[in-house]
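Participant: Compute the structure for the input listed below.
(one chain, ligands or ions: 1)
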Amino acid sequence: MSMPTDTQRMEKIVSLCKRRGFIFQSSEIYGGLNGAWDYGPLGVELKRNLKNYWWRVMVHERDDVVGMDGSILTPPTVLEASGHVEGFSDPMVDCLTTGKRFRADQIEPQSGWVASFFGAVDSASWQKLLKEQGAPERSTVWSQIDLAPVLRRLLSNLNSGSREGVGGFVKLQESDREQAEALKKAIGCSLFMTSSLDPFSAMDIGSDRIGPKPLLSSKRFNPAIATALEYYRKRGIREPIVFIDNFQFVEDTKGFNPEGGSLLTEPRAFNLMFKTYVGATEDESSLTYLRPETAQAIFVQFKNILEVSRKKLPFGIAQIGKAFRNEINPRNFTFRSREFEQMELEYFCRPEQGMELLEYWKEERLKFYEDIGIPRSKLHVLTVPDEERAFYSKGTYDIEYDFPFGCQELEGVAYRTDYDLSQHQKASGKALEYFDEETKQKFIPHVVEPSAGVDRTVLALICEAYAEDQAPDEKGKMETRIVLRFHPRMAPIKCAVFPLLKNKEPLVAKAKEIVDLLRPHMYVFYDESGAIGRRYRRQDEIGTPFGVTVDFETLGEKDPALRDTVTVRDRDSMRQERVAIQDLPVILRERIR
Ligand code: GAP
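Facilitator: Alright, predicted model coming up:
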């Protein structure tokens, strides 16, 4: 079962990430670039540790996988063959009032009262007509025999309201269809400076009203009317008077903006790929894409890599690199970004091995997450149902993690059959077959693809590591401690080295010697400023698993037997052990591997 969402926890995590230099908003000083993030000094270490460990497990520790690093710029030919130009799109809807774009499939169905509007006219013209109604003999408009009854019918409507500087509403009587016709006629005779017969509707969002009547009797305009005023104002009508046709209770609709109630457009396919132009001209001939996944470069280089690596099936090609998608709604911090990194393996095999390897890779990948500190109990495997799977895939699993904002995908493990290589063979005209020496057969290999997101995994690592507990302060009083309990192999800084006092030269010199001793083996941080308890706390908050302290025992001042020993403090238990300085590299290396 997945965990409930926890907004407060997520806010604390985002704040810590900025405060301590894990993740910043991209171009923040210019107001930020939506959907893009910059990793600070600690974030970049965490990210590297993750990528290095993935590479170690997926490439270096195996005989059957080699790596590559492909270009980000990708010609249309590649992405036409792969199906991305035609089909890499999300259904998108736009809010007709704010212009905000949503993914149609991510809108939660809503139920509520919906007001439908005929159109709007400007308030100044409306007021003028009302005034002239009092002295029709002096008005050219009111003296027109055919127009006067029409206007009287319209203006006599008592079901209306207005506010100066804003506009107002008129509820046309449903039983009297001639009112609507009267409105059309009046607009047709150009009686208004500005007008619109553009139909619109809006939902009375957030209201617990149970019927249409209170919708109008409210002292202030209800949200649906306020939205309609905004809608017509944006179409050039100053202080609009909006005409309400009817109210209806609508159930489970996805047709309205969940944030304001405005009508949304019909869904349209929106291609997610970023385009750019290579060279001096900007036309179709120079069009190029920023790759939407790293996988295609692997398929396109399959033949070259097969030849140079002399691998036999089954074997894989791995790649880590940037991918770009013009996501409609980047959200949940770095979870859905427009620029992100993927860690992908394309594992080529014989057709009959595909289903078995799909299971194998799912298990391998689950083990990977456990090995970096994400417990199995927080991971969920979703079998993607037939109707949601890519048509060429014979089986796909999503590996999901319980983020504070809900259970969401970390990685997809997909059996993609021979679709990609077949497509590229067809489109390029180059043979991408494998020749089996034993059976003397040629065929296009099938492929199983574990595809993970670097940024999502970094976020999962931070979410999993974040903890608050109680720890004694300098005076032994318990206080709340923020600690990132990273697995030591993922922690950005592996070990902090502290002289007990910064004004005791022998302590400082020894601490610096230890830094030099450890540096070739791991990322070490030296800190001499502030009370030792504060220094520990600063390291706890960024997840440094070990703290080495040089004290007077190290100098052999109290007990010569303790000369050249230091304390090693464990971040999680806060316990300290005394070890010989010369043993530190071996002891710590073993723990951070
Ligand atoms: N080659 C297959 C492929 O790209 P995908 O499910 O679209 O499949 C794989 O992406 C992984 O890439 C996802 O599981 C996720 O971890 C990561 N990913 C995809 N879109 C992302 C985005 N907009 N922001 C961050 N990570 C993303």
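
Participant: pLDDT below threshold where in the stretch 101-250 of the chain?
Facilitator: Per-residue confidence for the stretch 101-250 of the chain (pLDDT under 70) gives these ranges: 145, 158, 174-176, 206-220.

Participant: how deep is the residue in it positioned nearest to the ligand tucked in, by neighbour count?
Facilitator: Closest residue of the stretch 101-250 of the chain to the ligand, CB to the nearest ligand atom: Arg103 (11.3 Å). C-beta: built from backbone N, CA, C; applies to glycine. Arg103 sits with 17 neighbouring residues when counted by other CB atoms under 10 Å.

Participant: show me the contacts for it.
Facilitator: For Arg103, the residues meeting the contact criterion (CB atoms under 8 Å, 6 or more residues apart in numbering) are 90-93, 328-329.

Participant: Which of these ranks first by neighbour count?
Facilitator: For those, neighbours were counted using other CB under 10 Å, and Val93 has the most, 25 neighbours in all.

Participant: Do any residues in the strand or helix carrying that one lie close to the ligand?
Facilitator: Here Val93 sits within strand 89-94, counting by DSSP states H and E. No - using CB under 6 Å from any ligand atom, strand 89-94 stays clear of the ligand, coming no nearer than 10.6 Å.

Participant: and the protein, which residues reach the ligand?
Facilitator: When proximity is defined by CB under 6 Å from any ligand atom, the chain lies next to the ligand at 293, 295, 325, 327, 336-337, 340, 342, 344, 409-412, 449, 451-453, 455-456.

Participant: Tell me how many other residues crowd the residue of the stretch 401-550 of the chain found nearest the ligand.
Facilitator: Per CB to the nearest ligand atom, Gly453 is where the stretch 401-550 of the chain lies closest to the ligand, at 2.3 Å. Other residues within reach of Gly453, judged by other CB under 10 Å, total 23.

Participant: bridging residues for it?
Facilitator: In this structure, Gly453 bridges to Gln342 when assessed by DSSP bridges.

Participant: Just list the residues touching Pro445, thanks.
Facilitator: Applying CB under 8 Å, 6+ apart, we find Pro445 in contact with 313, 348-350, 418, 421, 434.

Participant: Quick check: PyMOL command selecting the buried ones in the residues you listed.
Facilitator: The PyMOL selection below is limited to those of those classed as buried (16 or more other CB atoms under 10 Å):
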select buried, resi 313+348+349+350+418+421+434
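
Participant: quick one: which two of the contacts of Pro445 are the most distant?
Facilitator: Greatest spacing in those, by CB to CB: Arg350 and Leu421 (13.1 Å).

Participant: May I ask which helix or strand encompasses Glu449?
Facilitator: Secondary-structure assignment from DSSP H and E places Glu449 in strand 446-453.

Participant: Against which helices or strands is that strand packed?
Facilitator: With contacts taken as 3 or more CB pairs under 8 Å, 6 or more residues apart in numbering; DSSP states H and E, strand 446-453 sits against strand 339-349, helix 354-371, strand 406-417.

Participant: at 10 Å instead, please
Facilitator: Contact here means 3 or more CB pairs under 10 Å, 6 or more residues apart in numbering; DSSP states H and E; on that basis strand 446-453 packs against helix 41-55, helix 295-300, strand 315-324, strand 339-349, helix 354-371, strand 395-403, strand 406-417, helix 419-428.

Participant: Turn the ones you listed into a markdown table, including mean pLDDT.
Facilitator: What follows is those, written out as a markdown table (pLDDT from 0 to 100):
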| stretch | mean pLDDT |
| --- | --- |
| helix 41-55 | 98 |
| helix 295-300 | 98 |
| strand 315-324 | 98 |
| strand 339-349 | 98 |
| helix 354-371 | 98 |
| strand 395-403 | 98 |
| strand 406-417 | 97 |
| helix 419-428 | 98 |
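
Participant: Any chance of the ones you listed in a markdown table with distance to Met193 as columns?
Facilitator: Shown next, in a markdown table, are the helices and strands packed on strand 446-453 (distance: least, CB to CB, whole Å):
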| stretch | distance to Met193 |
| --- | --- |
| helix 41-55 | 56 |
| helix 295-300 | 56 |
| strand 315-324 | 47 |
| strand 339-349 | 47 |
| helix 354-371 | 64 |
| strand 395-403 | 53 |
| strand 406-417 | 50 |
| helix 419-428 | 58 |
